[in-house]
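Asker: Sequence below, structure please.
(4 chains, ligands or ions: 4)
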Amino acid sequence: MGDNLKTIEAENVSYRYPDGSVGVRDVNLEVYSGDRIGLIGANGSGKSTLILLLSGLIKPTEGRVKIFGKEPDKKNVEEIRRRIGVVFQNPDDFLFNPTVRDELLYVPRQLEWSDEELERVLKAYAKMFRIEHITDKPPFRLSGGEKKKVEIASVLIYNPEVLLLDEPTAYVDGKTRRQIMETLKSFDGTIIVATHELDVAKKLIDKVVLLNLDHKIEAVGGKELLHDIELLERVGVL
Amino acid sequence: MGDNLKTIEAENVSYRYPDGSVGVRDVNLEVYSGDRIGLIGANGSGKSTLILLLSGLIKPTEGRVKIFGKEPDKKNVEEIRRRIGVVFQNPDDFLFNPTVRDELLYVPRQLEWSDEELERVLKAYAKMFRIEHITDKPPFRLSGGEKKKVEIASVLIYNPEVLLLDEPTAYVDGKTRRQIMETLKSFDGTIIVATHELDVAKKLIDKVVLLNLDHKIEAVGGKELLHDIELLERVGVL
Amino acid sequence: MHIPDGYLDLPIAGILYILSLVVLGYSIYRLRDEKFTPLFGIVAAAIFAAQMLNWPIPGGTSAHFVGGALAGILLGPYAGSLAMAVVLTIQCLVFADGGITALGANVWNMAVINVFLGYYAYRAFERFGKSAASFIAGWIGITLAAIFAGIEIGLSTSFGYGLSVTVPVMGLWHGILGIVEGTITAGVVSYIASSRPDILEEKAAPGKTALAVIAAMIVVSPLFAYAAELVGYSEPLENAAEMLGLSENPIYEGLLPDYTVPGIDPYTGTLIAGIVGTVIVLALGYVMARYARTT
Amino acid sequence: MHELLERTIKEASDYFQNFLIHEYSNKSALHKIDGRVKLVSTVVFVVLAVSTFSLSKVITILLFLLVISAIAGLNMKRMFERIWLFTLFSFIVVLPLSVYNPLYGVIFTLRVAASLIAVQMLIMTTSFADLCSSLRYFKVPKTFVSALWIAYRYAILMFRELFAILLARESRRVAKGSHMDLWRKGGEAVGLFFLRSFERAERVQLAIEARGGNVVEYRGKIKKLDLIYSTIVGFTAFWWVII
Ligand SMILES: Nc1ncnc2c1ncn2[C@@H]1O[C@H](COP(=O)(O)OP(=O)(O)OP(=O)(O)O)[C@@H](O)[C@H]1O
Ligand SMILES: Nc1ncnc2c1ncn2[C@@H]1O[C@H](COP(=O)(O)OP(=O)(O)OP(=O)(O)O)[C@@H](O)[C@H]1O
Ligand SMILES: [Mg+2]
Ligand SMILES: [Mg+2]
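Answerer: Ligands and ions are numbered 1, 2, ... in the order given. Predicted coordinates:
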């Protein structure tokens, strides 16, 4: 594949949190446009950290991350934000607007969509995630799963090219899970998803990045890795 | 069964949040000692609210909840807390101690267990949940799944008679999930668990309380309810 | 220490608005390229929360933790004064704590005097240890801010007490409360120094000229307030009304010819005017409420 | 004592977190009026209220404000709940003077009450986001408005965190603690709370950045309803002048 199709590239990336804990260690990864990658690993292996690194929201303490061929800086940050959507693991860290409506329209308003357009997408996504009845509530007054739904909806709504999803199906009910899976399957951009639900992963992805308890990449491969019980047990996933 | 075996009893319980949103409506429920109840319902149906009500942590706005035969009040509140363990849906709402060690030992210290005893249980539970390496970290600096593990461990550690668990298996990896399931299966008290993972529920419970989108109880019954696809679809669970 | 609406004469309130805007404007100018850190938000939020505990003091306004010095120490004088100004604005617009017309004065006392003074007191005494320095900063900041608040309300004729009451009352109470303020300031600063020392790194200080100007403004602000009081001694709106000759020749005489009917005294006239006005407002309000329902 | 303290803080944090988010179960006519119009009207009302000591003018403004609020459908009981404290407080503050000059005490207190009502009419009907965008419209610098926005958001976050912590403590309080604990652990708990909120705020900041940073801008036009309201405000000012 040509270099121009590389969406995100991590070179020898390590990240240490301010208190000295290691988030990830020595990660090398190339993400090509159209990839559907599953980040799999035990608790604390570094999936969420890696998602934040790949989105350019935090800077590696060692190595570098290139997004769309460039290291993120002040000049291209807006473009990156427009093209990459990130769903955080914990919706409480993510939702900050006064109402669900404002939450959903946060990015579309910045993109200066017309009022009719705003109304239209708001309606469509609220309907899709069955949150019409709570659009006037403040997000922190919602149930756990409602928060997650709002979070996912407010990223999908502006249709980014690359989706970085951290546990998109945790806390949500079966019906919503099916809805999310369908939406993601018909999404035609790049997807990187961190999840513990292997059946979700199996349905969605075509490439697996397996992190081990040393915060390093243990293996990269196709879906068949998810059937390698011995390997999965070794890294603490099963 | 005799009245003396009723662990928790809800009579016409409704709860409205301060902003006027309905949490649950008209709930009547009897929990007997040794029951294993699954609270099943779509997002926003009221499972978490019901858990808080049944634990006596919030007071119903209508109706009443009796725990161990009495309405919770100042005199018996410590005893109730001692005998009922609550795992919150969101571990961030649960963890407040300076370190994981303090978190785990929060209740045992209040119970004035001996120092050796404290060391012993700390070690045992840290090992069981594979969190030995993080016992000195502040809980708010953990990964999502690590938080959930610490949360569950700090409730199990003091061995309450009744466990109220809100989504105990969300965010945790496969290995931990197995560990949790085993521990809960061999637990010999009363369990009430709210979950979206029907396979978890099927393995663990013997009674189902199904909440609908009107925040009312739609059905109470045995495990077979979880196979009633038509019913589950109607309440938005599938 | 928040001055509510109705305590200050408008000219004084006005002059303090201008003074505050100058300093705040300069702070914002200095901060123009900087991003707000979460620290800014959390310090502002924490001070906001801590200020909610307050109690009234007769002869003055109210007493509570202010936190201006703390904001100055943690954020530097510019971001610190902005944080305090923001807190005061939220309190005014969300809790009705501190008046809208008095906002300028409140910003002047708590976001300028308290922050800049607290910050420099801290810097000046830092070599004696962080705790001691922040205690002094907290104490002196709140006490002086309170004295200035006392001067402002004391000069105002709307507020029945004179300077001889307001200044000692405000100064004394806050001098005592300042001990608590100082202790808390010292406690927070030393906790942060031990757990996240990076937060306490040297903050950009104003240039010498800017500092001298701000200091001079603080010193002469009571004179400005005094001058403003002299100029606009009686109330401007009433002046305007008088100038238009309205008071001597009320318009409602024309609107309400009945008023001139002999035998009805001025009080009854006013009463009738009040009733008529209320009826008109009622009618207009009714139209509004009806119309609102249709939209 | 320490339990009482904890309970009080818990109730307070719950109260503030609810208070800060303006929720409108029943919307009044004033809710529909443009934030900018309401902001200007509030200033007009307050200035009218505090720039006179004429009893008839003060009563006029007070009466008009009450009439407008009531007919617009504001919850008058809640309004009263929100203003009585500061009103009483002002009354107490000037009480020593009122002994010699009762009329002064009455007028002073009524002026304060009228200003408080005027401000409450704004607060009870306008969301904070609306206020911010109105301030932007009046050319208040962006830096200041973003700072307002951030402080407000984090204040909610902190009260929420505080409430969660206290509920969690309650869920595991199995013995009555000692008073000494409060002093030994109290300071540490406050510091920890600060740190935890701060790090949470850092993560929320990432979320804000992930979606393009801070924005507070105004959109929306003045509607006919706003003109009707402006007329009412204008009329109030007019009557205040002539009475
Ligand atoms: N703090 C709150 N303030 C106001 N309303 C709330 C609050 N928490 C929850 N609610 C509302 O109460 C209802 C029940 O919420 P609850 O959290 O009990 O649902 P749940 O069944 O646990 O959902 P989930 O599966 O998403 O966790 C929902 O409609 C929700 O929007
Ligand atoms: N804010 C933080 N400060 C310090 N260390 C942290 C912080 N967040 C995470 N860590 C540590 O970094 C490591 C990686 O955490 P990360 O959240 O990336 O794991 P994860 O793979 O997403 O786990 P999970 O499946 O539980 O979500 C863990 O060891 C964790 O303890
Ligand atoms: Mg994670
Ligand atoms: Mg829930």
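Asker: How much space separates the residue of chain D most remote from its centre from chain C?
Answerer: Distance from the centre of chain D peaks at residue D:175, with 38.5 Å (CA atoms, centre = their mean). Between residue D:175 and chain C the distance is 28 Å, computed by CB to the nearest CB, to the nearest Å. The C-beta positions use only the backbone N, C-alpha and C, and glycine is treated the same way.
Asker: could you check the distance from that residue over to ligand 3?
Answerer: Distance of residue D:175 to ligand 3, computed by CB to the ion, to the nearest Å: 35 Å.
Asker: which residues does the closest residue to that residue other than its chain neighbours contact?
Answerer: Once flanking residues are discounted, residue D:175 sits nearest to residue B:110: 4.3 Å by CB to CB, 6 or more residues apart in numbering or on different chains. Residues in contact with residue B:110, defined by CB atoms under 8 Å, 6 or more residues apart in numbering or on different chains, are D:172, D:173, D:174, D:175, D:177.
Asker: Would you mind writing the PyMOL command to select the buried ones in these?
Answerer: One line in PyMOL is enough to select the buried ones among these; burial here means 16 or more other CB atoms under 10 Å in any protein chain shown:
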select buried, chain D and resi 172+173+174
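Asker: thinking again about what came up before, was I right to think the residue farthest from the centre of chain D contacts residue B:109?
Answerer: No: the criterion here is CB atoms under 8 Å, and residue D:175 misses it with residue B:109 at 9.3 Å.
Asker: what residues are up against the residue nearest the centre of chain C?
Answerer: Taking CA atoms, centre = their mean, the centroid of chain C lies closest to residue C:106, which sits 1.3 Å from it. Neighbouring residues of residue C:106 by CB under 8 Å, 6+ apart: C:1, C:2, C:3, C:88, C:92, C:98, C:99.
Asker: pretty sure the second one contacts residue C:88?
Answerer: Yes: judged on CB under 8 Å, residue C:2 makes contact with residue C:88 at a distance of 7.5 Å.
Asker: ok, back up a step: wait, a helix at the residue farthest from the centre of chain D?
Answerer: No: with DSSP: H, G, I helix; E, B strand; the rest coil as the criterion, residue D:175 is assigned coil and is not in a helix.
Asker: what's near enough to touch it?
Answerer: B:78, B:82, B:110, B:111, B:112.
Asker: Relative to chain C, which of those is nearest.
Answerer: residue B:110 (25.1 Å; CB to the nearest CB).
Asker: Check the closest one and give its pLDDT.
Answerer: With respect to pLDDT, residue B:110 scores 90.
Asker: and the contacts of residue B:110 as a markdown table, adding pLDDT?
Answerer: Output for those, formatted as a markdown table (pLDDT from 0 to 100):
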| residue | pLDDT |
| --- | --- |
| D:172 | 88 |
| D:173 | 85 |
| D:174 | 84 |
| D:175 | 81 |
| D:177 | 68 |
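Asker: Looks to me like residue A:24 is in a strand.
Answerer: Yes: applying three-state DSSP, one finds residue A:24 inside a strand.
Asker: And the contacts of residue D:175, which of them are buried?
Answerer: Looking at the contacts of residue D:175 with 16+ other CB under 10 Å, the buried ones turn out to be B:82, B:110.
Asker: Among the contacts of residue D:175, which lie within helices?
Answerer: Judged by DSSP state H, these include B:78, B:82, B:110 as members of helices.
Asker: Next one: the residue nearest to residue D:175 from ligand 4, what distance?
Answerer: Counting by CB to the ion - residue B:110 and ligand 4 are separated by 27 Å.
Asker: pLDDT score assigned to the residue nearest to the spatial centre of chain D?
Answerer: Centroid-nearest residue in chain D, with CA atoms, centre = their mean: residue D:123, separated by 5.4 Å. Residue D:123 carries a pLDDT value of 88.
Asker: cool, and residue D:131?
Answerer: 88.
Asker: Check which helix or strand it maps to.
Answerer: helix D:128-137 (DSSP states H and E).
Asker: What angle do helix D:128-137 and the next helix-or-strand element following that helix make with each other?
Answerer: Proceeding N to C from helix D:128-137, the next assigned helix or strand is helix D:142-171, under DSSP H and E. Counting by axes from the mean of the first three to the mean of the last three CA atoms, to 10 degrees, helix D:142-171 lies at 160 degrees to helix D:128-137.
Asker: shared neighbours of residue C:2 and residue C:88, which are they?
Answerer: With CB under 8 Å, 6+ apart as the test, residue C:2 and residue C:88 both reach C:98, C:106.
Asker: In chain D, where is pLDDT below threshold?
Answerer: Across chain D, the ranges flagged by pLDDT under 70 are D:1-3, D:5, D:17-26, D:177-187, D:214-219.
Asker: And the helices in it, which stretches?
Answerer: Going by DSSP H, chain D shows helices at D:2-20, D:35-50, D:55-72, D:76-93, D:95-98, D:102-123, D:128-137, D:142-171, D:179-210, D:224-242.
Asker: isn't residue D:105 right up against residue D:92?
Answerer: No: at 10.0 Å, residue D:105 and residue D:92 do not qualify as touching, with contact defined as CB under 8 Å.
Asker: Those two - which one has more neighbours?
Answerer: Neighbour count, other CB atoms under 10 Å in any protein chain shown: between residue D:105 and residue D:92, residue D:105 has more, with 20 against 14.
Asker: ok, that one to residue C:101 distance?
Answerer: Residue D:105 sits 21 Å away from residue C:101, going by CB to CB, to the nearest Å.
Asker: So is stretch C:22-40 next to ligand 2?
Answerer: No: Stretch C:22-40 stays clear of ligand 2 (CB under 6 Å from any ligand atom), getting no nearer than 12.8 Å.
Asker: Also stretch A:159-170?
Answerer: No: counting by CB under 6 Å from any ligand atom, ligand 2 has no neighbours in stretch A:159-170; the shortest distance is 6.9 Å.
Asker: got the buried residues for that stretch?
Answerer: A:160, A:161, A:162, A:163, A:164, A:165, A:166, A:167, A:168, A:169, A:170.
Asker: Over to stretch A:42-53?
Answerer: A:42, A:43, A:44, A:45, A:46, A:47, A:48, A:49, A:50, A:51, A:52, A:53.
Asker: Against ligand 2, which of those residues make the cut? List them.
Answerer: Taking CB under 6 Å from any ligand atom as the test, ligand 2 is in contact with A:43, A:44, A:45, A:46, A:47, A:48, A:49 out of the buried residues of stretch A:42-53.
Asker: among those residues, which are in reach of chain D?
Answerer: Taking CB under 8 Å from any CB of the partner chain as the test, chain D is in contact with none of these.
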